[in-house]
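# fold the stuff below for me.
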Amino acid sequence: MIQIPRKRDYKPNWQVGDEAEWNWYDPQYVDTLHPVKIISIDWDTNTAMVKLMAFDDAEPHLSADLEDLHPFRAPEPNYPYVVGDKVHFRMWKRKVNGRKVDGYAGDEEGIWVKGIIVELNPDERYEICVKHYNWDSKKKETAYIFHWVVRRDVRLAVY
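Numbers count the residues shown, from 1 in each chain. Just a heads-up that it's a prediction; the model follows:
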C-alpha cells in the first residue's frame with residue numbers, strides 16, 4: 001500500500017521584497033490566502049509588514065506572525081484527494097454581503113480559500129465539493145457553505 005503524504009516539512013526563510021500568500025484574519029477574509037509583498041521583517045517579534053498586492057493599497061499591514069505567510073504554490077490536480085482532505089481551492093469574484101472584496105486578484109487569478117473535501121464526483125467537470133467558511137453569515141449554524149470546484153483549482157492545504 002502506498003502512503004500518501006498529508007504533511008510537508010518546509011519553513012521559508014523570508015526576506016524583504018519576497019512575495020507570499022498571507023493567511024489574513026480580517027472577518028471578510030477568514031480562511032483566505034491573499035498575495036502580499038514583504039515590506040519589513042521584525043525577527044524579534046516574528047512579524048512582518050506586508051503590502052496587499054491585489055489592491056492599490058499604499059498602507060502596509062502588520063502580519064501578526066511570520067507563520068501566517070506561505071510560499072506561493074501551484075494547484076495539484078493529479079493528487080489522489082479523498083473526502084476529509086483539507087485543501088485550498090480557487091474562487092473568483094468572491095463577494096461578501098454582495099460586494100466584491102478581493103481586488104484584481106479575485107477577478108484575474110482567483111483567491112485561494114481553505115476548505116475540506118466533503119464529496120467527490122469524478123464523472124462531473126466540477127468534481128470536488130468543499131465545505132468552506134460563509135463570509136455572509138453572522139449565525140453559527142450557517143457559518144459554512146458548500147462549493148463545487150474543478151480539480152485543476154485545488155491543492156492540499158498542508159505545507
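
# low-confidence regions, the chain specifically.
The chain contains residues with pLDDT under 70 at 1-11, 57-58, 140-141.

# repeat that for 80
For the chain, the stretches with pLDDT under 80 are 1-12, 56-59, 62-64, 138-142, 159.

# show me where this protein has its helices.
For the chain, the helices identified by DSSP state H occupy 103-108, in order along the chain.

# would you map the strands across it?
19-24, 32-42, 47-52, 61-63, 69-70, 86-91, 95-96, 99-100, 111-120, 128-133, 144-149, 154-156 (DSSP state E).

# tell me what the fifth one is packed against?
In this case it means strand 69-70. Using 3 or more Cβ pairs under 8 Å, 6 or more residues apart in numbering; DSSP states H and E, the elements in contact with strand 69-70 are strand 19-24, strand 32-42. C-beta here means a position set from N, CA and C on the backbone, and glycine is covered the same way.

# can you redo the strands of the chain as a markdown table with mean neighbour count and distance to Asn13?
A markdown table is the format used below for the strands of the chain (neighbours: other Cβ atoms under 10 Å; distance: least, Cβ to Cβ, whole Å):
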| stretch | mean neighbour count | distance to Asn13 |
| --- | --- | --- |
| strand 19-24 | 20 | 12 |
| strand 32-42 | 19 | 10 |
| strand 47-52 | 20 | 13 |
| strand 61-63 | 18 | 16 |
| strand 69-70 | 19 | 11 |
| strand 86-91 | 20 | 22 |
| strand 95-96 | 14 | 34 |
| strand 99-100 | 10 | 35 |
| strand 111-120 | 20 | 22 |
| strand 128-133 | 20 | 30 |
| strand 144-149 | 15 | 32 |
| strand 154-156 | 20 | 22 |
